[in-house]
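Student: give me a model of this one.
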Amino acid sequence: MPVLNSIAALSDEMATWRRHLHTIPELEFDCVKTSAFVVEKLKEFGIDRIETGIAKTGVVAIIEGREPGPTIGLRADMDALPIEEATGLPHASTHPGVMHACGHDGHTTMLLGAAKYLAETRNFAGRVALIFQPAEETGGGGGVMVEEGIMDRFDIAEVYALHNAPGNPVGQFHTTPGPIMAAVDIFSIDIQGRGGHGAMPHETADPVMAAVGIVQAIQTIVSRNHYAMDDLVVSVTQIHTGSADNIVPDSAWINGTVRTFDPEVQKMVIRRMEEIVAGQAAAYGVEATLDYQTQYPATINDAERAAFAAGVAADIAPTEPEGGREMGAEDFSYMLQARPGAYLFVGNGDSAGLHHPRYEFNDETAPYGASFFARIAEKALPLPG
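Tutor: Numbering: from 1, shown residues only. Reported below is the predicted structural model:
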């Protein structure tokens, strides 16, 4: 079955919703205008049970089917990014320095489209929990919603989510069983040396050279401490030190990110980074302190639910059921830790990349995503024959 006819008929209306949301991007947990718009639409659709204030601005709405049965969760993220928009579109952000550069306006729209359809048809046995989540980009809003008890409170048995994929054909889905997105960690290293005149380096304990040595050594974690067929990224993204060409500074600071799928690999990285920082500090005669923070865990699809979701998607558009995994991170991981389910990607066409100031969600994608959410509900909660 391709895009549902009644959802296809909603295309222009969904585009209007999405473009309105695009004008009012909000950060982290402060999705006040966005969640108010969501609640307004849900009420228009005739959805009576709407719970607000979860994870500050999160929303969960319940649609009752025609017969009793279990509850499945469908999740969309709502937050934006601290990026100055450069699209020049008529519906560009009206909030300076903030834009929907990741398509969460589109994700919210797709779930709203499915909500309208499901509220009108109710061709399922059980309940659908519509989860509109803040703070995916930073803050771990998905984890906060889980901590605040949404899975037990709404008796959610399994949960599903979508993310748009720039560069893939519009509407084409892909997913994979097991890990689909990586765990993300961040690290910083403070180096304290002894500064002095650049012409007299022998009188200093140079933190610049120590920083260079540490950064080079960190790269050997991937190349020499890790099995090459497993996925691991260690990226140093910042080095800050110095103020003039003739001064050896007192200190330096290093920052970066680590992406893993396997907790054992993550433990190895932490251990080796601690050893490297201590060893290099001793070698260069400086003091160095590692601050390593684990962030979102890996997003791990339940194999059975991923296969089921791929089958549902394949009825709508071309689908790769084992389409590979990515080193980006997602806080839907917390929901998949709490309940079995699956995370999928849907093609956004030839758009700018995610987190780019010229990125734009493709409104042609929305009917595919909305149809997927709707069909997941109907297939997972079939009415008695």
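
Student: just the helices in this protein please.
Tutor: 5-8, 11-23, 32-44, 104-121, 141-147, 150-153, 207-218, 220-224, 263-284, 303-314, 332-338, 366-380 (DSSP state H).

Student: what is the burial count for residue 177?
Tutor: Applying other C-beta atoms under 10 Å, we find 17 residues neighbouring residue 177. (C-beta placed from N, C-alpha, C; glycine too.)

Student: please apply the same query to residue 48.
Tutor: Quick note: residue 48 (other C-beta under 10 Å) scores 11 neighbours.

Student: kindly report the same for residue 147.
Tutor: Residue 147: 12 surrounding residues under other C-beta under 10 Å.

Student: sorry, back to before: turn the helices of the chain into TSV, including distance to residue 76 and mean pLDDT.
Tutor: Below are the helices of the chain laid out as TSV (distance: least, C-beta to C-beta, whole Å; pLDDT from 0 to 100):
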stretch	distance to residue 76	mean pLDDT
helix 5-8	15	94
helix 11-23	11	98
helix 32-44	9	98
helix 104-121	4	98
helix 141-147	11	98
helix 150-153	14	98
helix 207-218	37	98
helix 220-224	34	95
helix 263-284	28	97
helix 303-314	15	98
helix 332-338	10	98
helix 366-380	8	98
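
Student: domains in this structure, by residue range?
Tutor: Following automatic domain parsing, the chain resolves into domains at 5-181+298-380, 183-294.

Student: deepest of the ones you listed, which one?
Tutor: domain 5-181+298-380 (a mean of 21; mean count of other C-beta atoms under 10 Å).

Student: end-to-end on it?
Tutor: 20 Å (C-alpha to C-alpha, to the nearest Å).

Student: oh, and call the first residue 51 from now on, that's how I've got it
Tutor: Got it, the first residue is 51 from now on, which makes the last one we talked about domain 55-231+348-430.

Student: so residue 330 sits right up against residue 260, yeah?
Tutor: Yes. Counting by C-beta atoms under 8 Å, residue 260 is a contact partner of residue 330 at 6.1 Å.

Student: find residues that contact each of the two.
Tutor: residue 338 (C-beta atoms under 8 Å, 6 or more residues apart in numbering).

Student: for residue 344, which residues are in contact?
Tutor: Taking C-beta under 8 Å, 6+ apart, we find residue 344 in contact with 233, 235, 316.

Student: going by distance to residue 274, which of those wins?
Tutor: Nearest to residue 274 among the contacts of residue 344: residue 316, at 17.4 Å, using C-beta to C-beta.

Student: still on that earlier bit, show me which of the contacts of residue 344 is closest to residue 346.
Tutor: Nearest to residue 346 among the contacts of residue 344, counting by C-beta to C-beta, is residue 233 at 6.4 Å.

Student: before we move on, what's the pLDDT of that closest one?
Tutor: pLDDT for residue 233: 97.

Student: correct me, but it touches residue 343?
Tutor: No. Judged on C-beta under 8 Å, residue 233 makes no contact with residue 343 at a distance of 11.8 Å.

Student: list the contacts of the spatially closest residue to residue 219 that is not a sequence neighbour.
Tutor: In this structure, residue 219 finds its nearest non-sequential neighbour in residue 397, 4.6 Å apart by C-beta to C-beta, 6 or more residues apart in numbering. Counting by C-beta under 8 Å, 6+ apart, residue 397 touches 214, 215, 217, 218, 219, 220, 221, 222, 223, 415.

Student: beta partners of the nearest residue to the fourth one once chain neighbours are set aside?
Tutor: Meaning residue 218. Ranked by C-beta to C-beta, 6+ apart and with sequence neighbours excluded, the top spatial neighbour of residue 218 is residue 397, at 3.3 Å. Counting by DSSP bridges, residue 397 is bridged to residue 215.
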